[in-house]
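[1] Any chance you can model this:
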Amino acid sequence: MTFNGTGVWIYGAKRPNHAPYNITLDDQPYAQNDGHSDEDIFQDVLFSTTGLTNGPHTVSIADSVVDPSRQYLDIDWVRLGSVHSFPLVMGESVVSLPSR
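    Have a look, this model is predicted:
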């Protein structure tokens, strides 16, 4: 996903059947994360970062299935932030902009 801004937050679920996942931001890999949880956790922060240079960035998230019983990755929404605007929230094909 390509965006303009200074921060990004990716929200999703962690569940017993969810896989580890990798995040890449501006072609730089971040440490592997794990979507697994013994209990269902919804709308959890899967990744976040702030303090980016205001401008274009690309973030990607990809599962890294190593166990067939843990093969899922759920993303609920993505929140984008900028020093010049309110956060933009995207999820389920809906974009919500706060009123000014």
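
[2] Leaving out the residues flanking it, which one is nearest to residue 1?
    residue 59 (5.6 Å; CB to CB, 6 or more residues apart in numbering). All C-beta atoms are positioned from the backbone trio N, CA, C, and that covers glycine.

[3] And for the helix or strand the one you found falls within, what's in contact with it?
    Using DSSP states H and E, residue 59 sits in strand 55-63. Contact with strand 55-63 is made by 1-5, 8, 10, 19-27, 35, 46-47, 71-73, 75, as judged by CB atoms under 8 Å, 6 or more residues apart in numbering.

[4] show me what contacts the most centrally placed residue in the chain?
    Centroid check for the chain by CA atoms, centre = their mean gives residue 10 as the closest residue, at 2.2 Å. Applying CB under 8 Å, 6+ apart to residue 10 gives the contacts 23, 45, 46, 47, 48, 59, 61, 75, 78.

[5] What values do phi and psi take at it?
    phi -110, psi 120 (degrees, to the nearest 10).

[6] Show the model's pLDDT score for it.
    Residue 10 is assigned a pLDDT of 95 by the prediction.

[7] Please apply the same query to residue 30.
    87.

[8] Beta-bridge partners for residue 14, please?
    residue 41 (DSSP bridges).

[9] Please apply the same query to residue 48.
    Beta-bridge partners, per DSSP bridges, of residue 48: residue 9.

[10] quick one: least confident helix or strand in this structure?
    For the chain, using mean pLDDT, DSSP states H and E, the weakest element among its helices and strands is strand 94-96, scoring a mean of 35.

[11] Please report how far the residue nearest to the centre of the chain lies from residue 24.
    The gap separating residue 10 from residue 24 is 12 Å, by CB to CB, to the nearest Å.

[12] just residue 55 next, same as before
    17 Å.

[13] again with residue 42
    The spacing between residue 42 and residue 24, counted by CB to CB, is 24 Å.

[14] coming back round to it: for residue 55 and residue 24, indicate the residue with more neighbours.
    Remark: of residue 55 and residue 24, residue 24 carries more neighbours, 13 against 10, as counted by other CB atoms under 10 Å.
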